[in-house]
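*Asks:* Could you look at this predicted model? Sequence included:
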Amino acid sequence: MTGFPPPSDRPKSTRSMTFGLFRPVLFAIGVIGLAMAGLVLSHRSNPEIAALPPPAKAPVAPVLPESASAAPVIIANSEPAPPPTAVDFGRAAVPPIDFRGFQMKPPETTADADPPAGDIYDLTLRLEKGDTIEKMLADIDVAPADRKQIAEKLQSLLKKRRLAAGETIELTMQTMPDQPDAPRVLALSVRPQPEREYIVSRKDDGNYDAEEKVYKVSPRIVRVEGERDGSLQQSGIKAGAPSAAMVEFVRALSYDVDFQRELKQGQKFTVLLEQLVTSDGKVTHPGRLLAGELKLLKRTVTVIRYRPQGGADGFYNPQGESVVRSFLRTPMDASRITSRFGMREHPILGFSALHAGVDFAAPSGTPILAAGTGKVVSAGPNGGYGLYVKLQHTQDVATAYAHMSRIGPGIKPGVSVRQGQVIGFVGSTGMSTGPHLHYEFLKGGKHVNPLTQKFAMRGTVGAKDAARFQALTKQYLAQFRNAPVAGEADKPTDPPKPTPKKTAQAPKEPAPSQVAKGD
């Protein structure tokens, strides 16, 4: 080791001590210099500041000799520096705004607005029993003066006629903002007949005026198509045909169609109807039957309405043969046969006996038709037959109808009936297991099978009507395909049901041994 002391113990020199004293001052000077350099750079990068002229130099006083130092120094007055402007601060000067010539806009004064109009709406009312137009309007809070005037105007059109209970009244109403509980009637209309409409309207002066509209009525041919689902008559009504037209169609078919053996579920039919329609599309008559077509399994049956010269309306087949025969094949549109003619074991008595007729199952209340023209021999209760009607058609031929729920109006012994006339309604009176018609056919006082009888036709179209009938037939056959469809929205949308299998043929008739009344 040397004899020198360690660095930490060495005495500090005067130079190092001076540097230590001035080190903070030097640091401050460096920071100030950096700040000044940054300020210069920022001023040079700003074009507005760079474009300014350099500031004017202050005048320097001349240096006088020492000999003149005692004399007073006079400095000329310099112009004062202009005040700083917006340009000196790095932004464009904003010109002063001259507010002369401006004035505050006065508040807008709104003119008195029209009162808001009331809501207009339609209302349909129905006259109840004992109602009047004035009473009906009072029930909806129409002003007394208005309802009285409306009733008087309407009655002036109706004259002595009165509106029936159930009549529909169409109203156009308006609510009044100043009287919310007293609506105003703008128009009232009633149409008791499709071809006539009575209208009462409010005028601008507040009074009411009345007018009658008469619509032109003209015929229109339409068609209804359907499939059998249940009875043929009800299937047609569901498809949109009127009941009266379907009754005529069923009766016209009943002379030639065996409803029990030929009529099946799902079979298609078409009927042509002649409707009466007003000029604005209102139907005044739902339609009378002009022609009908029924598609059976093996054939198509067509009936045509025709009125021969000097004769009455009747139904004919396309060959001009009248469909009317001396007797109906079946006395109603029944759905099925439940018991045929012949020997069988009685369902109630329990022994074998001759079933002397044919049983047709049908809903209770189904109309029963007279199979032919004749006279009522018996009408009333008859033991096991229940309510019973017997008709004598000729000296040798009679028909009988049993188990009725009630007998038809006006049917009593001695009264004459027409073929197809309603003589009673299906029921289950007497010895019966359920609603059905027991139908008997008698020749010479003996029971025979009604389903095997052959009946003669009534007649054909004469020679003088043949050409007109054939032209009409051709027209109707084309309209079965081309006529507009009536009641299409009401047609059933269910898929057609499969056609059931054919029923077995009736067995041969055994020799009658005993006849049991009743089911």
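*Replies:* It's in.
*Asks:* Give me the phi and psi for A466.
*Replies:* For A466, the backbone dihedrals (degrees, to the nearest 10) come out as phi -60, psi -50.
*Asks:* my guess is it meets Q319, correct?
*Replies:* No - in this structure A466 lies outside contact range of Q319 using CB atoms under 8 Å: 10.5 Å. For glycine as for every other residue, the C-beta is placed from the backbone atoms N, C-alpha and C.
*Asks:* okay, and for the stretch 51-200 of the chain, where does confidence drop off?
*Replies:* Counting by pLDDT under 70, the stretch 51-200 of the chain has low-confidence residues at 51-117.
*Asks:* try it again with 50
*Replies:* By pLDDT under 50, the low-scoring segments of the stretch 51-200 of the chain are 61, 63-71, 73, 75-76, 86, 89-94, 102, 111.
*Asks:* Kindly list the main-chain dihedrals of R251?
*Replies:* Backbone torsions of R251, given as degrees, to the nearest 10, read phi -70, psi -40.
*Asks:* Next, work out how far apart it and A165 are.
*Replies:* The spacing between R251 and A165, counted by CB to CB, to the nearest Å, is 34 Å.
*Asks:* more crowded one of those two?
*Replies:* Neighbour comparison, R251 and A165: the larger count goes to R251, with 20 against 11 (by other CB atoms under 10 Å).
*Asks:* which one is that one nearest to, not counting chain neighbours?
*Replies:* Excluding the flanking residues, the one nearest R251 by CB to CB, 6 or more residues apart in numbering is G420, at 4.8 Å.
*Asks:* Report whether V271 is found in a helix, as I expect.
*Replies:* No - the secondary structure assignment for V271 gives strand rather than a helix, going by DSSP: H, G, I helix; E, B strand; the rest coil.
*Asks:* Could you check how many residues crowd around it?
*Replies:* Burial of V271 is recorded as 28 neighbouring residues (other CB under 10 Å).
*Asks:* List the buried residues for the helix or strand where L477 lies?
*Replies:* For L477, the element it lies in under DSSP states H and E is helix 463-482. Buried residues in helix 463-482, counting neighbours by 16 or more other CB atoms under 10 Å, are found at 465, 469, 472-473, 476, 479-480.
*Asks:* repeat for stretch 168-181
*Replies:* Under the neighbour-count criterion of 16+ other CB under 10 Å, stretch 168-181 has 169, 171-173 buried.
*Asks:* go on, stretch 420-437?
*Replies:* Using 16+ other CB under 10 Å as the burial criterion, the residues of stretch 420-437 that qualify are 420-432, 435-437.
*Asks:* Would you mind writing the CA trace of the helix holding L477 as PDB?
*Replies:* Extracted C-alpha coordinates of helix 463-482, given in PDB (Å, rounded to 0.1, in the frame of the first residue of the first chain):
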ATOM      1  CA  ALA A 463    -143.100 -32.100 -81.100                       C
ATOM      2  CA  LYS A 464    -144.000 -28.400 -81.100                       C
ATOM      3  CA  ASP A 465    -141.700 -27.900 -78.100                       C
ATOM      4  CA  ALA A 466    -138.800 -30.100 -79.100                       C
ATOM      5  CA  ALA A 467    -136.600 -27.600 -80.900                       C
ATOM      6  CA  ARG A 468    -137.000 -25.000 -78.100                       C
ATOM      7  CA  PHE A 469    -136.400 -27.600 -75.400                       C
ATOM      8  CA  GLN A 470    -133.200 -28.900 -77.100                       C
ATOM      9  CA  ALA A 471    -131.800 -25.400 -77.400                       C
ATOM     10  CA  LEU A 472    -132.500 -24.700 -73.700                       C
ATOM     11  CA  THR A 473    -130.900 -28.100 -72.700                       C
ATOM     12  CA  LYS A 474    -127.800 -27.300 -74.700                       C
ATOM     13  CA  GLN A 475    -127.500 -23.900 -73.000                       C
ATOM     14  CA  TYR A 476    -128.000 -25.400 -69.500                       C
ATOM     15  CA  LEU A 477    -125.500 -28.200 -70.000                       C
ATOM     16  CA  ALA A 478    -122.800 -25.600 -71.000                       C
ATOM     17  CA  GLN A 479    -123.700 -23.400 -68.000                       C
ATOM     18  CA  PHE A 480    -123.000 -26.300 -65.700                       C
ATOM     19  CA  ARG A 481    -119.300 -25.600 -66.400                       C
ATOM     20  CA  ASN A 482    -119.300 -21.900 -67.300                       C
END
